[in-house]
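> A predicted structure for the sequence below; I have some questions about it.
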Amino acid sequence: MKILLISEFFPVGKDLKFSGGVEARTYYLAKYLSLDHNVTVLTSKLKGAPTKEKTSGFTVLRVGPRRNYSATVGSIASRILFIREAIITAKNLDCDIVDGSNFITHFIAKRIASYKKIPYVAWYPDVWIGSWIKNTGIVGILGELLERFNLAYGASAYIAISKSTAKKLSGKVNTKIELVPCGIDEAEFKGKHQKSNIPTIICISRLAKYKNIKDLVLAFAFILRKVKNARLVIVGTGPESKNLKNLAKNLKLDGKVKFLANLPRKELIDLYLSSSIFCLPSSVEGFGISVVEAAAAGTPYIVSDIGVFKEVTKNGQGGFIFKLGDIASLAEKLEKLLMDKALYKIKQADGKRLAKNYLWPAIAKETEKIYLGLLKDKS
């Protein structure tokens, strides 16, 4: 099977600096599908990146204007040029099925599928219809219109990454909705690794308002009264970066809170493994791949009580769930995990068992079955 995966952004080389779950899913899916199939990833050009690259058994093609690697929207002009060149390039590629990973790539994939008369799969992390303005402000009007148009445009099949997303898609699309979660590469987390002597809480997230990282900073300031040598490491970029840094400064947390941009994969894994607790107090998530990665690393998590976190963690296996927006509850659970060593070990073991439900090789096989089913229906 010749598979074309389209992702607006994709990391360069072996450092694997993922800006989000979209790129992670595309990479690991390509890696494991390429063991049995011919896989090509079509993505945008990045500064300093080759236009064609062979990595982990698959081919990466980069088209359009050169852009900075970022999870942000970028200019409309650069996106239009990317769409145009991606369609032109893909028309000349030999592929049996095409898979798009966001609105922009869904449009490209649909055009390619129509031109080549092949199936098109739309991977769907979350549905924001009715919530765009709440999540992103007035600029969300464009997102609302784009998502409605995108769903009306249709696909051969949709892949939802959670039951929550599948439920939101139900009734909005007329084609089959498949459920395939995100996962972890178990080999990355194997081997002995010592936890840091300094109690370390980490958060790996896009720094957007709906991620509620502010609540974590406030809860951290509270627990410092009892765990004076604790530290907080926040990894990510986004529009709330400046506000969060100012908050930490105003709370006199200089030296206690560290902000890092997107890290190479190996450094990120090392951080997971050496840290004490992972926390994500988000109000909006499609899946929360970082939570499962933390569990795989033996790092108990604390997450908000939104539906998708309850689903993915199987109601808190390997960590704690707190009431969204309840900073006192969050601080209490952070302190409990840091102080109760027996409980901590129980949560570590539970988390590693949880992570075994989400392995990329098995997820690639599930996705392969969907592709093959669509090709069979076509014939």
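Cool, got the structure.
> work out for me the element Val303 sits within.
strand 301-304 (DSSP states H and E).
> try Ile177
strand 176-179.
> can you give me the buried ones in that strand?
Neighbour-count burial for strand 176-179 flags Ile177, Glu178 (criterion: 16 or more other Cβ atoms under 10 Å). Using the backbone N, CA and C atoms, a C-beta is placed for each residue, glycine as well.
> pull the longest helix from the chain.
When the chain is parsed with DSSP state H, its longest helix is helix 360-378.
> pull that one out as PDB, backbone CA atoms only.
This file holds the C-alpha atoms of helix 360-378, laid out as PDB (Å, rounded to 0.1, in the frame of the first residue of the first chain):
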ATOM      1  CA  TRP A 360       2.100   3.100  18.500                       C
ATOM      2  CA  PRO A 361       2.700  -0.200  16.800                       C
ATOM      3  CA  ALA A 362      -0.800  -1.400  17.700                       C
ATOM      4  CA  ILE A 363      -2.300   1.900  16.800                       C
ATOM      5  CA  ALA A 364      -0.600   1.800  13.400                       C
ATOM      6  CA  LYS A 365      -2.100  -1.600  12.800                       C
ATOM      7  CA  GLU A 366      -5.600  -0.300  13.700                       C
ATOM      8  CA  THR A 367      -5.100   2.500  11.200                       C
ATOM      9  CA  GLU A 368      -3.800   0.100   8.600                       C
ATOM     10  CA  LYS A 369      -7.000  -1.900   8.900                       C
ATOM     11  CA  ILE A 370      -9.100   1.300   8.200                       C
ATOM     12  CA  TYR A 371      -7.000   2.100   5.100                       C
ATOM     13  CA  LEU A 372      -7.300  -1.400   3.800                       C
ATOM     14  CA  GLY A 373     -11.000  -1.500   4.400                       C
ATOM     15  CA  LEU A 374     -11.500   1.700   2.400                       C
ATOM     16  CA  LEU A 375      -9.400   0.300  -0.400                       C
ATOM     17  CA  LYS A 376     -11.500  -2.900  -0.400                       C
ATOM     18  CA  ASP A 377     -14.700  -0.900  -0.500                       C
ATOM     19  CA  LYS A 378     -13.300   1.200  -3.400                       C
END
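> got the buried residues for it?
Trp360, Ile363, Ala364, Thr367, Glu368, Ile370, Tyr371, Leu374.
> then stretch 38-56?
Asn38, Val39, Thr40, Val41, Leu42, Thr43, Ser44, Lys45, Leu46, Ala49, Thr55.
> can you redo those as a markdown table with pLDDT?
Shown next, in a markdown table, are the buried residues of stretch 38-56 (pLDDT from 0 to 100):
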| residue | pLDDT |
| --- | --- |
| Asn38 | 97 |
| Val39 | 98 |
| Thr40 | 98 |
| Val41 | 97 |
| Leu42 | 97 |
| Thr43 | 95 |
| Ser44 | 93 |
| Lys45 | 91 |
| Leu46 | 84 |
| Ala49 | 84 |
| Thr55 | 90 |
